[in-house]
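Asks: no sequence on this one, just coordinates:
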């Protein structure tokens, strides 16, 4: 059965609001077509070269390569739910896509998504600089055995010109219930758009916003150094954290009872429902998380909000059941798991 | 683009089917309105995103990419010598075929990249492997720029010095390559 990724169980700076930091580097090998244009022979050549490069990485990285064809459809879905891979990587047809990851899934390299390689580092909380340093070191090590497509003027060359230059996208996953409740979030995002910062839903491009969770990232990848991009987004994230904290403070000062009521109702449903949809569960978990941050309720054991959120996802449930589940079966299993986790007493909390 | 509400207007392109799509195109600030049927709208190509369920970067990008300024409009038949990709294909897919496409379509790509990225010069990481040569090239282009300025300013003494430095570096570069 699948486990949560390391970052989901870890603490980091500002973890009450910033769930995770991610840095991704897009890279392509020179003299082979980009994935979408890759013929069978070139695809095999590319795979062979990449495998060799992954093998020659130091054992300290603890990375394992798996072709997507050897990963079951249910596990693929779980990997998307954990953000280890993007929805685009698992899109049919399965050709030369693959995944390199370490056991804690702090590091993942998507092979043949839109680019030949997309190296990602995931850390808990606001740790973009640390994530960039890790990504940079891994990139250096990969470069020892691979020739990356690079142009002295435009930098690293990517399939889509929106990623050219550094190939870097830095993003943070933020939980902003108070800014949503106080209706400040639209205004904030509008302001962010003006300074080249994009806000997306939970699973990136084209996905909807559920559970007050937002992915905030830099829009451009060219014209600044990696350190500057990472620094800028860190400053933006700190600003968002400040505003969310402020909104929470206002809420607890002027609407304490209403907030406590919302949290209590969410807790009531989550601990007593027998069937619950994934969106409803995530929405209510978001309220419970706010309640926990404001010390109205306490999630038992060490289970984090990120872990609970993962447990509500369809792929995770099917993986846990070991088979495909109908929607109603999932809603039932989801409700059962949530009751178990939220009503667990301190003695029978999970094995950790 | 929005659904037209003007009733049974016929398509301005095929003049046959009823127009069901109102298409506003703004090219270089010039606005044009067209009422088309879905079929013709699809064939005009610039806005498949409306007819697709997903609204992705690549669909939207397709519209941007299609707008090549007149001054750099080359034949859309130019194909990348390595992967055979044409600019037209890029405009449709929103993605390039291979790294050489960046050279093949440079005149069209540069304004596009400037629009997307707000910049055209990479200032970040230089791969160590390609690095030695690239750093020399970067130093050279910087020196040549200084030389050009020195000549413009009629600072011939400085220009002579710069010329010698450039020659030395060029020889060094040649020896690294061989």
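Replies: It's in. These numbers were taken from a predicted model, which means no experiment stands behind them. Numbering: from 1, shown residues only, chains lettered A, B, ... in the order given.
Asks: chain center to stretch A:67-86: distance?
Replies: Taking the mean C-alpha point of stretch A:67-86 and that of its whole chain, the gap between them comes to 13 Å (CA atoms, centre = their mean, to the nearest Å).
Asks: residues making contact with that stretch?
Replies: Among residues not part of stretch A:67-86, those counted as contacts by CB atoms under 8 Å, 6 or more residues apart in numbering or on different chains are A:2, A:4-5, A:8, A:20, A:22, A:47, A:87, A:89-90, A:94, A:96-99, A:101, A:105, A:108, A:110, A:113, A:118, A:120, A:122, A:173, A:203-204, A:310, A:313-316, A:318-319, A:324. C-beta: built from backbone N, CA, C; applies to glycine.
Asks: let's see which of the residues you listed end up in strands.
Replies: Secondary structure assignment (DSSP state E) places A:20, A:22, A:98, A:99, A:101, A:108, A:110, A:118, A:120, A:122, A:173 from the contacts of stretch A:67-86 within strands.
Asks: report the contact partners of the third one.
Replies: Right, the one you point to is residue A:98. A:47, A:50, A:65, A:66, A:67, A:68, A:111, A:112.
Asks: apart from its neighbours in sequence, what residue is nearest it?
Replies: Setting aside the residues directly before and after it, residue A:98 is nearest to residue A:111 in space (CB to CB, 6 or more residues apart in numbering or on different chains), at 3.7 Å.
Asks: repeat for residue B:100
Replies: Spatially, and ignoring its direct neighbours in sequence, residue B:100 is nearest to residue B:82 (4.2 Å; CB to CB, 6+ apart).
Asks: phi first, then psi, for that neighbour.
Replies: Backbone dihedrals for residue B:82, given as degrees, to the nearest 10, come out at phi -90, psi -50.
Asks: my read: it touches residue A:33, true?
Replies: Yes. Shown here, residue B:82 and residue A:33 form a contact pair, counting by CB atoms under 8 Å, at 7.5 Å.
Asks: so what sits against both of the two?
Replies: With CB under 8 Å, 6+ apart applied, the overlap between the contact sets of residue B:82 and residue A:33 consists of B:97, B:98.
Asks: which one's more surrounded, these two?
Replies: Each of residue B:82 and residue A:33 had its neighbours counted (other CB atoms under 10 Å in any protein chain shown), and the higher figure belongs to residue A:33 (26 against 17).
Asks: what pLDDT does that one get?
Replies: Residue-level confidence at residue A:33 comes out at 95, pLDDT.
Asks: tell me the bridge partners for the one residue in the stretch 51-200 of chain A that gets nearest to chain B.
Replies: Scanning the stretch 51-200 of chain A for the residue nearest chain B gives residue A:155, at 2.8 Å (criterion: CB to the nearest CB). Beta-bridge partners of residue A:155, counted by DSSP bridges, are residue A:151.
Asks: run the chain-centre distance for the helix or strand residue A:334 falls within.
Replies: With elements delineated by DSSP states H and E, residue A:334 resides in helix A:327-343, which encompasses its position. Centroid separation for helix A:327-343 versus its chain: 23 Å, with CA atoms, centre = their mean.
Asks: remind me what that helix packs against, helices and strands.
Replies: Contact here means 3 or more CB pairs under 8 Å, 6 or more residues apart in numbering or on different chains; DSSP states H and E; on that basis helix A:327-343 packs against helix A:256-272, helix A:278-293, helix A:305-311, helix A:314-321.
Asks: run the last query once more with 7 Å
Replies: Counting by 3 or more CB pairs under 7 Å, 6 or more residues apart in numbering or on different chains; DSSP states H and E, the packing neighbours recorded for helix A:327-343 are helix A:256-272, helix A:278-293, helix A:314-321.
Asks: which strands or helices does the longest helix seen in chain B pack on?
Replies: Among the elements of chain B assigned as helix by DSSP state H, the one spanning the most residues is helix B:128-152. Counting contacts by 3+ CB pairs under 7 Å, 6+ apart, the secondary-structure elements packed against helix B:128-152 are helix A:128-143, helix B:156-177.
Asks: in CSV: those helices, plus mean neighbour count and mean pLDDT.
Replies: Shown next, in CSV, are the helices and strands packed on helix B:128-152 (neighbours: other CB atoms under 10 Å in any protein chain shown; pLDDT from 0 to 100):
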stretch, mean neighbour count, mean pLDDT
helix A:128-143, 19, 97
helix B:156-177, 13, 82
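Asks: quick one, domains of chain A?
Replies: When chain A is parsed into structural domains using automatic domain parsing, the resulting residue ranges are A:6-239, A:255-345.
Asks: wait, which of these is closest to residue B:108?
Replies: domain A:6-239 (10.5 Å; CB to CB).
Asks: gap between the closest one and the chain center?
Replies: Distance of domain A:6-239 from the chain centroid (CA atoms, centre = their mean) equals 9 Å.
Asks: which parts of the stretch 151-300 of chain A sit against chain B?
Replies: A:151-155, A:157, A:159-162, A:164-166, A:205-206, A:220-226 (CB under 7 Å from any CB of the partner chain).
Asks: just the buried residues of those.
Replies: Under a neighbour-count criterion of 16 or more other CB atoms under 10 Å in any protein chain shown, the subset of these counted as buried comprises A:151, A:154-155, A:157, A:159-162, A:164-166, A:205, A:220-224, A:226.
Asks: which members of the residues you listed are positioned in strands?
Replies: With strands defined by DSSP E, the entries of those inside them are A:151, A:155.
Asks: quick revisit: I'd say the residue nearest to residue B:100 and residue B:96 touch.
Replies: No. Distance between residue B:82 and residue B:96: 10.9 Å, which falls outside the contact criterion (CB atoms under 7 Å).
Asks: how about the helices in the stretch 51-200 of chain A?
Replies: Secondary structure of the stretch 51-200 of chain A (DSSP state H, counting those that start in this stretch): helices at A:73-81, A:128-143, A:177-181, A:185-194.
Asks: can you put those in JSON lines and add distance to residue A:303?
Replies: Conversion of those to JSON lines gives the following (distance: least, CB to CB, whole Å):
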{"stretch": "helix A:73-81", "distance to residue A:303": "16"}
{"stretch": "helix A:128-143", "distance to residue A:303": "24"}
{"stretch": "helix A:177-181", "distance to residue A:303": "19"}
{"stretch": "helix A:185-194", "distance to residue A:303": "27"}
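Asks: right, and those helices - which one's nearest residue A:339?
Replies: Between residue A:339 and the helices of the stretch 51-200 of chain A, the shortest separation by CB to CB is 20.7 Å, and it involves helix A:73-81.
Asks: in the closest one, what counts as buried?
Replies: Along helix A:73-81, these residues count as buried under the neighbour rule (16+ other CB under 10 Å): A:74, A:75, A:76, A:77, A:78, A:79, A:80, A:81.
Asks: now do that helix against helix A:314-321, angle only.
Replies: Angular relation of helix A:73-81 and helix A:314-321 on a 0 to 180 degree scale: 130 degrees, by axes from the mean of the first three to the mean of the last three CA atoms, to 10 degrees.
Asks: that older thread, can I get the helices and strands packed on helix B:128-152 in CSV with distance to residue A:302?
Replies: Converted to CSV, the helices and strands packed on helix B:128-152 look like this (distance: least, CB to CB, whole Å):
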stretch, distance to residue A:302
helix A:128-143, 22
helix B:156-177, 56
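Asks: got the contact list for the spatially closest residue to residue A:277 that is not a sequence neighbour?
Replies: Leaving aside its sequence neighbours, residue A:277 sits nearest to residue A:331 (CB to CB, 6+ apart; 5.8 Å). Applying CB atoms under 7 Å, 6 or more residues apart in numbering or on different chains, one finds that residue A:331 lies in contact with A:275, A:276, A:277.
Asks: which residues are in contact with the residue nearest to residue A:160 when sequence neighbours are not counted?
Replies: In this structure, residue A:160 finds its nearest non-sequential neighbour in residue B:95, 5.1 Å apart by CB to CB, 6+ apart. Residue B:95 sits next to A:34, A:36, A:114, A:159, A:160, B:58 when contact means CB under 7 Å, 6+ apart.
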